[in-house]
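Undergrad: this one's structure only:
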């Protein structure tokens, strides 16, 4: 890059750190440790520059009234979140008071949409000016970002109306640095629909609260085929019938299975049909595999994440579907207390979607469903015009 990378990165690390301290003034050690973990892994790489560029492009789109998404595994990085590259924080689900910088993690929920978004901050209550907590947290380990290699590709989904300006903005930044950046901008048809719904109803996507039991119920009972962007919609219906989701986290898991290959079909589906496990117990994402192995190692007092990292990384690429798991890895799983089915489950996977990507897909579907339920006439008109 023609612009001094070292100088740019130094300033961006300062920028990210300032945001961390400004947002989380009551700094939890685990949050600080996560920041430092990512900094240690990315210090010699250019990822922080890419996160900032993505954040700048998304900020420009937002100023013009366009909702955008960053897919792939960027959602596994706290740094990406701090710089505006992604909307969802990868920490464990938590309540957050913007007024006091107060953060408290949930001990019972796996996904922030299942937290109570009407809960009031106790500190604010003492000030006689109660504020509602904000909620966030998808519980994604940073290792999931590193599985993509040293120079991962980044993709921003935008409405078609912003594609030309966003592409030109990316080109200008690329020229500024004197290199081709590993970032692409693509038009996403569902974002076109959402933008049209925003325009027609006057309600912005970012003003919609998805913490809504009615949405969860409707997702499982209403006809949602028009909001599912998958080829096999009957498969999705079968998942809903068999899994009986009771939370947004359950919906997230179903979304993950629907967009993976050989995670559900001839794999988890059979176990659930034969009552060999509960839906709550099944791992759906590579991140689940990583966390399950790491948790068992910690339970046994074993330090290190090498085993969990290697097996989860290989599962992402479908390595074990083409190559038999090495005996030493299989033996370690047995010693950690995993049944043979866990090894078989991993060995069947051909492709497994990242958890952060599944979060984006689910949120996109929930926004569409919200408009369908609350503005049925406008929704029907826009869907008809899109045919």
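TA: Okay, I see it. On a predicted model such as this, the values are computed, not experimentally measured, just so you know.
Undergrad: And the helices in the stretch 51-200 of the chain?
TA: 78-82, 122-126, 143-146, 160-177, 189-201 (DSSP state H, counting those that start in this stretch).
Undergrad: Pull the residues that contact the fourth one.
TA: Residues lying outside helix 160-177 but in contact with it, judged by Cβ atoms under 8 Å, 6 or more residues apart in numbering, are 1-3, 49, 53, 56-57, 60-61, 64, 66, 68, 156, 158, 180-181, 183, 185-187, 192, 195. The way it works is simple: take the backbone N, C-alpha and C, and place the C-beta from them, glycine included.
Undergrad: Walk me through the domains of this structure.
TA: Annotated domains of the chain cover 5-91+137-153, 219-348 [automatic domain parsing].
Undergrad: Looking at these, which one is packed in the most?
TA: domain 5-91+137-153 (a mean of 18; mean count of other Cβ atoms under 10 Å).
Undergrad: Report the distance from that domain to the chain centre.
TA: Centre-to-centre, domain 5-91+137-153 and its host chain are 13 Å apart (Cα atoms, centre = their mean, to the nearest Å).
Undergrad: surely residue 114 meets residue 248?
TA: Yes: using Cβ atoms under 8 Å, residue 114 is in contact with residue 248, at 5.2 Å.
Undergrad: returning to that earlier point: and residue 378, which of the domains of the chain is closest to it?
TA: Smallest distance to residue 378 across those (Cβ to Cβ): 14.0 Å, for domain 219-348.
Undergrad: end-to-end on that closest one?
TA: Chord length of domain 219-348, first to last residue, is 29 Å (Cα to Cα, to the nearest Å).
Undergrad: Please enumerate residues in contact with the helix or strand containing residue 341?
TA: Here residue 341 sits within helix 340-348, counting by DSSP states H and E. The contact list for helix 340-348 (Cβ under 8 Å, 6+ apart) reads 262-263, 266-268, 271, 276-277, 283, 289, 292, 311, 315, 320-321, 324-325, 330, 333-334.
Undergrad: Out of the helices of the stretch 51-200 of the chain, which gets nearest to residue 103?
TA: Using Cβ to Cβ, the helices of the stretch 51-200 of the chain put helix 122-126 closest to residue 103, at 11.6 Å.
Undergrad: Tell me where this structure has strands.
TA: With DSSP state E as the criterion, the chain has strands at 69-71, 94-97, 102-105, 134-136, 154-158, 183-187.
Undergrad: Output these as CSV; include the columns distance to residue 20 and mean pLDDT.
TA: As requested, the strands of the chain are arranged in CSV below (distance: least, Cβ to Cβ, whole Å; pLDDT from 0 to 100):
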stretch, distance to residue 20, mean pLDDT
strand 69-71, 19, 94
strand 94-97, 13, 90
strand 102-105, 11, 88
strand 134-136, 14, 93
strand 154-158, 21, 97
strand 183-187, 23, 97
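Undergrad: of all those strands, which lies closest to residue 366?
TA: strand 69-71 (13.3 Å).
Undergrad: Which neighbours in the sheet does the closest one have, and how are they oriented?
TA: Sheet pairing of strand 69-71 (DSSP bridges) gives strand 154-158 (antiparallel).
Undergrad: what angle separates the partner strand from helix 189-201?
TA: 30 degrees (axes from the mean of the first three to the mean of the last three Cα atoms, to 10 degrees).
Undergrad: Now find how far off-centre strand 154-158 is within its chain.
TA: Per Cα atoms, centre = their mean, the centroid offset for strand 154-158 relative to its chain is 14 Å.
Undergrad: swap in stretch 221-229?
TA: 21 Å.
Undergrad: Start and end of it, how far apart?
TA: 18 Å.
Undergrad: Could you check how far residue 279 is from residue 16?
TA: In this structure, residue 279 and residue 16 are 38 Å apart, going by Cβ to Cβ, to the nearest Å.
Undergrad: Repeat that for residue 131.
TA: Taken as Cβ to Cβ, the span from residue 131 to residue 16 is 25 Å.
Undergrad: Contact partners for residue 195?
TA: Applying Cβ under 8 Å, 6+ apart, the residues near residue 195 are 65, 66, 67, 159, 161.
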